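Undergrad: Pasting the sequence and the predicted coordinates here, then a few questions.
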Amino acid sequence: MNWFGKNHRPMPWKGEKNPYLIWLSEIILQQTRVAQGLPYFERFKAAYPTITDLANAPEDEILKLWEGLGYYSRARNLHFTAKDIRDNYEGVFPTEYADILKLKGVGTYTAAAISSFAYGLPYAVLDGNVFRVLSRYFGIKEPIDTTAGKKLFTKLSQELLAKKRPADYNQAIMDFGATQCVPANPACKSCPMIQSCVAHQENLISQLPVKSKKLKKRSRFFHYLIINHGNQIWIRKRTQKDIWQGLYDFPLLETDQLLDRNKLEKTTEYQQIIPSEGVISQVSVPFTQQLTHQKINALFVEVTVPNFPGEIPQEWIAVARKDLKNYAFPRIIDLYLQDKSLYLNF
Ligand code: SF4
């Protein structure tokens, strides 16, 4: 906390006591860097000054405002929770840790952050920064991603908490992890705890914290059909239980590898969607997007279709190309829409 007095990072939400704004900033910052999340926080705060404003907003509008930030379940949970608080807590953010923890999208870390920052309740935060600082300082080799490891670190961080100043303590240890005891090359030389840090003394810094599981990533291969029909393009809302639920995309063929134009045209799925008069005018270069557990590879296939003999699926929506910007798309589609030079020559 002495270190924090001299080194804290100024942030617009620091010292904030409004639980709604703390919650908003915490959800935005989950899996997002501060520099990237900051403009989104400002935008949400301006668009929805209160939690009831957020609850009353249409989901499409929220997803559009969230566009580019990724992990869209956060935006949907944000909306769900705002409505939950409007309907079940008379629009007032709950004040007890146990109630805060019950909110959708709020885990123990976020509940502790809101409880301590907004209400001064004695709950210690445990995020990636805290795991790193504690595992190094105490030389703890227990993996941080096991039930036993989480229990051990939770107990330790709760014991260490400065119970009379939980907000300062929590902010201090997170800032310390984010700026001093960073993952690679921590600034040990200027660290006030160098004399008692086990990892430093025993040369364990690069090995701590320990993780037991390595994430398995799978690759997926998408062929988006950009169906030009008259002056319009067909899009659809993703409703299935999969990535990007609630966002929009184009009719999609998923295969186990990327197909060239000839192979694509021969697939039954393509023929089921595109009538025989449909003509592929161009195919994009492959685009990729890395998600936590998946790597998405996508080709964008522009097809001109004079008319549809059969029935058009109910979920498709015809949109003028210039109006596509009004819909929230996954990042990979935004990249494609922004860069029209990336076409393969066929
Ligand atoms: S001495 Fe180095 S590893 Fe130990 S707490 Fe300080 S910055 Fe982290």
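TA: Structure's in. What do you need? Numbering: from 1, shown residues only.

Undergrad: only C-alpha atoms for contact and neighbour calcs from this point on.
TA: OK.

Undergrad: Which parts of the stretch 151-300 of the chain are helices?
TA: Secondary structure of the stretch 151-300 of the chain, counting by DSSP state H, counting those that start in this stretch: helices at 166-179, 198-201, 261-266, 268-273.

Undergrad: per-residue confidence for the residue nearest the centre of the chain?
TA: In the chain, the residue lying closest to the centroid (C-alpha atoms, centre = their mean) is Tyr71, at 3.1 Å. On the pLDDT scale, Tyr71 is placed at 84.

Undergrad: for the ligand, what are the nearby residues on the chain?
TA: 133, 136-137, 180-181, 186-188, 191, 193-194, 197, 199-200, 205 (C-alpha under 6 Å from any ligand atom).

Undergrad: 8 Å - rerun?
TA: The chain comes close to the ligand at residues 133-134, 136-137, 177, 180-182, 186-200, 205, as judged by C-alpha under 8 Å from any ligand atom.

Undergrad: Give me the domain ranges for the protein.
TA: 2-207, 218-344 (automatic domain parsing).

Undergrad: Grab the nearest non-local neighbour of Ile27.
TA: Arg74 (6.7 Å; C-alpha to C-alpha, 6 or more residues apart in numbering).

Undergrad: Tell me, how many residues neighbour the one you found?
TA: As a burial measure, Arg74 scores 20 neighbours (other C-alpha atoms under 10 Å).

Undergrad: re the thing from before, could you pull up phi and psi at the residue nearest to the centre of the chain?
TA: When quoted as degrees, to the nearest 10, the phi and psi of Tyr71 stand at phi 40, psi 60.

Undergrad: residue contacts, it?
TA: Taking C-alpha atoms under 8 Å, 6 or more residues apart in numbering, we find Tyr71 in contact with Trp244.

Undergrad: For it, give its distance to Leu247.
TA: 11 Å (C-alpha to C-alpha, to the nearest Å).

Undergrad: about what we covered before: in this model Gly105 seems to touch the residue nearest to Ile27, though I could be wrong.
TA: Yes - taking C-alpha atoms under 8 Å as the definition, Arg74 is a contact partner of Gly105 at 6.8 Å.

Undergrad: Spell out which residues are contacts of both of the two.
TA: Ile27.

Undergrad: Which helix or which strand is home to the closest residue to Thr32 other than its chain neighbours?
TA: Leaving out its chain neighbours, the residue that sits closest to Thr32 by C-alpha to C-alpha, 6+ apart is Leu69, at 7.4 Å. Assigned by DSSP states H and E, Leu69 belongs to no helix or strand.

Undergrad: Next, find the distance separating Leu69 from the ligand.
TA: 30 Å (C-alpha to the nearest ligand atom, to the nearest Å).

Undergrad: Run a quick neighbour tally on that residue.
TA: 20.

Undergrad: The one 4 residues further on too?
TA: For Ser73, the neighbour count with other C-alpha under 10 Å is 15.

Undergrad: Excluding covalently adjacent residues, which one is nearest to Ile332?
TA: Ile332's closest residue in space is Gln289 (C-alpha to C-alpha, 6+ apart), at 6.0 Å.

Undergrad: count of residues packed around the one you found?
TA: 14.

Undergrad: Any quick ChimeraX command for the buried ones out of the residues of the chain next to the ligand?
TA: The ChimeraX command for the buried members of the residues of the chain next to the ligand (criterion: 16 or more other C-alpha atoms under 10 Å) is given here:
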select :133,134,136,137,177,180,181,182,186,188,197,198,199,200,205
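
Undergrad: remind me which residues of the stretch 1-150 of the chain are low pLDDT?
TA: Within the stretch 1-150 of the chain, no range satisfies pLDDT under 70.

Undergrad: Roughly how far does the residue of it found nearest the ligand sit from Ala178?
TA: Closest residue of the stretch 1-150 of the chain to the ligand, C-alpha to the nearest ligand atom: Tyr137 (4.9 Å). Distance of Tyr137 to Ala178, computed by C-alpha to C-alpha: 15 Å.
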